[in-house]
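> Kindly return the folded structure for what I paste below:
(2 chains)
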Amino acid sequence: MRYSVFSLLAQTLAGHKGWKPAWRDAAPKPEYDVLVIGGGGHGLATAYYLASQHGISNVAVIEKGYIGSGNVGRNTTIIRSNYLLPGNTPFYEHSMKLWEGLEQDINYNAMVSQRGVLNLYHSDAQRDAYARRGNAMRLAGVDAELLDREQVRAMVPFFNYETGRFPIQGGLLQRRGGSVRHDAVAWGYARAADQRGVDIVQNCEVTGLSIENGRVTGVETSRGPIKAKKIALAVAGNSSRLAAMAGMRLPIESHVLQAFVSEGVKPLIDTVVTYGAGHFYVSQSDKGGLVFGGDIDGYNSYAQRGNLPVIEDVMESAMALWPGIGRLRVLRHWGGIMDMSMDGSPIIDHTPIDGLYLNAGWCYGGFKATPASGWCFAHLIARDEPHPVATAFRLDRFTTGRVIDEKGVGAQPNLH
Amino acid sequence: MRIPCPHCGARDAQEFTYLGDANPKRPDGMEATEAAMFDYVYQRDNPAGRFRELWYHGAGCHAWLVVTRDTKTHAIEAAEPAKPTKAGAAA
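Numbers count the residues shown, from 1 in each chain, chains lettered A, B, ... in the order given. Here you go, the predicted structure:
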């Protein structure tokens, strides 16, 4: 069924009794051309673009839990392409362009809202760094505006401009940035991939990889063995565990990152703001809750929950920026497991094992990259060569010295 | 999370600084190969489950500890000084 105002009207008149499940609950077939491990945003997008861009539809996405139960449902839903380095900017801008056309492409309302992303600066040096980043963005065809303090105050008048320890001097604004309904991204890609013949297999945990003569041939799962010509890992958070099944070690540590939602309030903040004197960022969901977060907890974890010191740290930054936020109560908080790569940048590459491809190391920034990650990973799998905007995300860059230290906030060197 | 420091007793994790995996050993001398240095600097086992890791008790005894912790549950099994006691020294 194609979703449209007419299908909605027809269903309304029929009492909403005719809606069909958005995708089939497929059982695994014995063999596929491509097997994508991980039914999160990146895995589902990869399967969708394999089918839609490369005509490869004998594909399965296998997921150990249910679709969207991992990081695609645990992030803070922000999209942006405000990157400095040449290895990053074209990739994230490609992602932004895909976001801009996503809903028409997959016929699904993902509530893409380009409400702007505003990075605040609090010192002359930080202003200069932001001016440089803004200029680099504009040279690469990305929108960026450097705002002074009064322009920021006109946008968000309720911050602490008078007595802050690190007074707000201005901000770097990307108006095309914003937020997206994250669950809808998983569901929309799942539905669109399913319509093109992709099997989405849930509750199917990989327990082993079969490798013969240096080539991957299939997987062992909790629902039996599945053969595949090519296998794609899109399991950020658990990449090291899957790689270990292939006898590989990765330049990655798994860390827990927490996020928070306040009780719902009337429309209060109509953009996304990041605090520049600590790690804190905030936006408001369409339900009214303020969605915010900060740093990783800082120790290896697979627990999907964090501890109080980081919660306290995030709240302190929130209060420093926006004292009024202290009148709100936190409704809930949760944790997701990040692949913290050693330079803070992702990996989209072949592995040394034939037929095994790796999409990993997304650190803090996997959600915004979802469409381009799927697009470039599908390109790599289908053609066995990296997509032009993702050539820097190599697995071997740590041996060659070509690291991408955009902010230098990987798991090491302990800059957190 | 509280860490049972062998010198100070159970203390809040906030008093400690984290370094990570306690197993990698820095390759010795100028002869260390690039591959060995790459392995030491970047590659990690990153296990889900039992993990030996280094913590520094900066707001306490200033000792480096090896903490054995389950990364799936955060349960701490043991915490011991990172530097083994010298033979013959008083315990």
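> Three-state assignment for A:Tyr83, please.
Three states are possible here, and by DSSP: H, G, I helix; E, B strand; the rest coil the one that applies to A:Tyr83 is coil.
> you'd agree it is up against A:Gly134?
No: if you go by CB atoms under 8 Å, A:Tyr83 and A:Gly134 don't touch, sitting 11.1 Å apart. (C-beta placed from N, C-alpha, C; glycine too.)
> Return, as residue ranges, the portions of chain B with sub-threshold pLDDT.
For chain B, residues meeting the criterion pLDDT under 70 lie at B:85-91.
> The residue sitting nearest the centre point of it bridge partners, please.
Computing the C-alpha centroid of chain B and ranking residues by CA atoms, centre = their mean puts B:Leu54 first, at 1.7 Å. For B:Leu54, the residues forming beta bridges with it (DSSP bridges) are B:Gly20, B:Val66.
> If I follow the layout properly, it ends up in contact with B:Asn23?
No: in this structure, B:Leu54 is not within contact of B:Asn23 by CB under 8 Å, at 9.7 Å.
> Check the gap between A:Gly164 and A:Ala320 for me.
Distance, A:Gly164 to A:Ala320, using CB to CB, to the nearest Å: 6 Å.
> Then A:Leu98?
Here the distance between A:Leu98 and A:Ala320 works out to 35 Å (CB to CB).
> Check A:Met111 too.
Relative to A:Ala320, A:Met111 is positioned 30 Å away (CB to CB).
> now do A:Ala243
Computed as CB to CB, the A:Ala243 to A:Ala320 distance reads 40 Å.
> Over to A:Met155?
When distances are taken as CB to CB, A:Met155 and A:Ala320 turn out to be 19 Å apart.
> Tell me which helix or strand A:Lys227 sits in.
Here A:Lys227 sits within strand A:226-233, counting by DSSP states H and E.
> Mind giving me the packing neighbours of that strand?
strand A:31-37, strand A:59-62, strand A:215-221, helix A:239-245, strand A:356-360, helix A:370-383 (3 or more CB pairs under 8 Å, 6 or more residues apart in numbering or on different chains; DSSP states H and E).
> rerun at 6 Å
Taking 3 or more CB pairs under 6 Å, 6 or more residues apart in numbering or on different chains; DSSP states H and E as contact, the helices and strands that strand A:226-233 lies on are strand A:31-37, strand A:215-221, strand A:356-360.
> Give me the average confidence score over that strand.
The predicted model assigns strand A:226-233 a mean pLDDT of 98.
> How about residues contacting that strand?
For strand A:226-233, the surrounding residues in contact (CB atoms under 6 Å, 6 or more residues apart in numbering or on different chains) are A:28, A:31-37, A:216, A:218-219, A:242, A:355-358, A:381.
> Would you mind giving me the ChimeraX syntax to select the buried ones in these?
Restricted to the buried members of the contacts of strand A:226-233, where burial is judged by 16 or more other CB atoms under 10 Å in any protein chain shown, the ChimeraX selection command reads as follows:
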select /A:28,32,34,35,36,37,216,218,219,242,355,356,357,358,381
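> and A:Leu415, what pLDDT?
A:Leu415 carries a pLDDT value of 55.
> same question, A:Glu406
Model confidence at A:Glu406, expressed as pLDDT, equals 89.
> need the contact list for it.
Contacts here follow CB under 6 Å, 6+ apart; on that basis A:Glu406 touches A:Leu85, A:Asn88.
> Does it lie in a helix or a strand, and which?
In this structure, A:Glu406 is located outside every helix and strand according to DSSP H and E.
> Kindly report the same for A:Ile200.
A:Ile200 belongs to strand A:199-201 when elements are defined using DSSP H and E.
> distance between that strand and the chain's centre?
21 Å (CA atoms, centre = their mean, to the nearest Å).
> And for stretch A:385-403?
Centroid separation for stretch A:385-403 versus its chain: 19 Å, with CA atoms, centre = their mean.
> Would you mind measuring from A:Gln195 to chain B?
Going from A:Gln195 to chain B by CB to the nearest CB, to the nearest Å gives 35 Å.
> what about the closest residue to that residue other than its chain neighbours, neighbour count?
Beyond its immediate neighbours in the sequence, the residue positioned closest to A:Gln195 (CB to CB, 6 or more residues apart in numbering or on different chains) is A:Trp23, lying 8.0 Å away. Per other CB atoms under 10 Å in any protein chain shown, the neighbour tally for A:Trp23 reads 21.
> ok, A:Trp23 - contacts?
Taking CB under 6 Å, 6+ apart as the test, what A:Trp23 contacts is A:Ala190, A:Arg191, A:Asp194, A:Ile200.
> Try it again at 10 Å.
Taking CB atoms under 10 Å, 6 or more residues apart in numbering or on different chains as the contact definition, A:Trp23 lies against A:44, A:61, A:67, A:187, A:189-195, A:198-200, A:202.
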